[in-house]
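>>> Based on what follows, work out the 3D shape:
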Amino acid sequence: MNKSSIIGWDIGGAHLKAVLVDVTGKVLAASQVYCPLWRGLHELDLAVDKVLSDFNADKHVVTMTGELADIFQNRHAGVMQLAQFLQKKLAGQVKYYAGKQGFVAPNEVEINTANIASMNWLASVQYLAQNVQRALFLDIGSTTTDIALIHDGKAQVLGFNDAIRMQSDELVYTGVVRTPLMALAQKIPFAGQLVNVAAEHFATTADVYMLTGDLPLADNIADTADGAEKTIEASARRIARMIGCDAKGATISSWKNLAYAFKYAQMNQIKQAMLRQISLLEDCLDLSIVGAGAGSFLAHELANQLGFQYEPVSNFIIADKLNVNNDETINMAALCFSSYAVASLGNQC
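Numbers count the residues shown, from 1 in each chain. Just a heads-up that it's a prediction; the model follows:
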């Protein structure tokens, strides 16, 4: 146990993310574990054990979105059950990130569940705002996209809960792994025609980005739509079903072209939400896009399309120069940026 370090935990509905930092904020280790929480708390038990087998500390800070899993009756119950589980599971001091309320102790969770629920994005923005005066933060994950303006070193956002954030386009339910393709478009161009898209969970965005080559297999750790393998051929088979075809009915190149059509449909969804946020500024001449998450490659492409400077979130992660796996650790911490952010903020409390 390292008494000079802290673990930031982000308990998601599909993934558990954890980052270990020292007292100076240097990242020492990072991990993402597939954790389909909708199957039950035993999945979280296994995922936490996996992290703790790799690294540990005597201080823990927690943020979460997992309270949305449908094993919980509501958000309040979800936050409470997750906090109660973690209190038994984690040794040492445990605190919970409650957004604008800061960090709260276990005995304060019950009166702060609304502030704790789905607040991981704010931890990221709050940390970034300490390091950059003006930016548009774009965290494109496996399931959702968080968009937040930072202006004069402060978060300039309208919403602090999912309902308002969704209505204000600060939370867009689209991601690069788990999003069903039927959520991207009802019609899609294919072979010179505009064809209808099946309203069926035949394929996900992971298939799109496997076919385009944008998504490393290491970042594609969720189950496929049909439970089958994660190969180019299998992704082609699944994406073909979305337009009522079998993969053998066209070439792999044709299915890759279809994947690009879905990619651009998703990019347009995110771009419209970005433009809504940017329109709140009087001018955007010095605005930069800071990209995070498994879909940071999309953030980079969108910044280029809109003519803004792009900065990877890894630029704001403090490296441990003595770590022999430094690049790998930084990349994983960037993928788990909310965990890194909450750990860094936890060092300050």
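>>> could you pull out the helices for the stretch 151-300 of the chain?
162-167, 205-212, 232-241, 252-278, 296-306 (DSSP state H, counting those that start in this stretch).
>>> In JSON lines: the ones you listed, plus distance to residue 317 and mean neighbour count.
(Glycine included, C-beta is placed from N, CA and C.) Formatted as JSON lines, those follow (distance: least, CB to CB, whole Å; neighbours: other CB atoms under 10 Å):
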{"stretch": "helix 162-167", "distance to residue 317": "25", "mean neighbour count": "14"}
{"stretch": "helix 205-212", "distance to residue 317": "23", "mean neighbour count": "26"}
{"stretch": "helix 232-241", "distance to residue 317": "31", "mean neighbour count": "21"}
{"stretch": "helix 252-278", "distance to residue 317": "23", "mean neighbour count": "18"}
{"stretch": "helix 296-306", "distance to residue 317": "13", "mean neighbour count": "19"}
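>>> Next, format those helices as CSV and append distance to residue 176 and mean pLDDT.
Below are the helices of the stretch 151-300 of the chain laid out as CSV (distance: least, CB to CB, whole Å; pLDDT from 0 to 100):
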stretch, distance to residue 176, mean pLDDT
helix 162-167, 19, 97
helix 205-212, 5, 98
helix 232-241, 13, 98
helix 252-278, 8, 98
helix 296-306, 7, 98
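>>> wait, which of those is closest to residue 89?
helix 162-167 (25.9 Å; CB to CB).
>>> starting at the chain centroid, how far to the closest one?
17 Å (CA atoms, centre = their mean, to the nearest Å).
>>> hmm, back to that, can you convert the helices of the stretch 151-300 of the chain into CSV and add a column each for distance to residue 330?
CSV is the format used below for the helices of the stretch 151-300 of the chain (distance: least, CB to CB, whole Å):
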stretch, distance to residue 330
helix 162-167, 28
helix 205-212, 22
helix 232-241, 29
helix 252-278, 25
helix 296-306, 13
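>>> So which of those is nearest residue 19?
Across those, closest to residue 19 is helix 296-306 (CB to CB), at 16.1 Å.
>>> May I see the buried residues of the next helix or strand after the closest one?
Proceeding C-terminally, helix 296-306 gives way to strand 309-312 as the next helix or strand, assigned by DSSP states H and E. Residues of strand 309-312 classed as buried under the neighbour-count rule (16 or more other CB atoms under 10 Å) are 310, 311, 312.
>>> my guess is the first one contacts residue 288, does it?
In this case it means residue 310. Yes. Counting by CB atoms under 8 Å, residue 288 is a contact partner of residue 310 at 7.0 Å.
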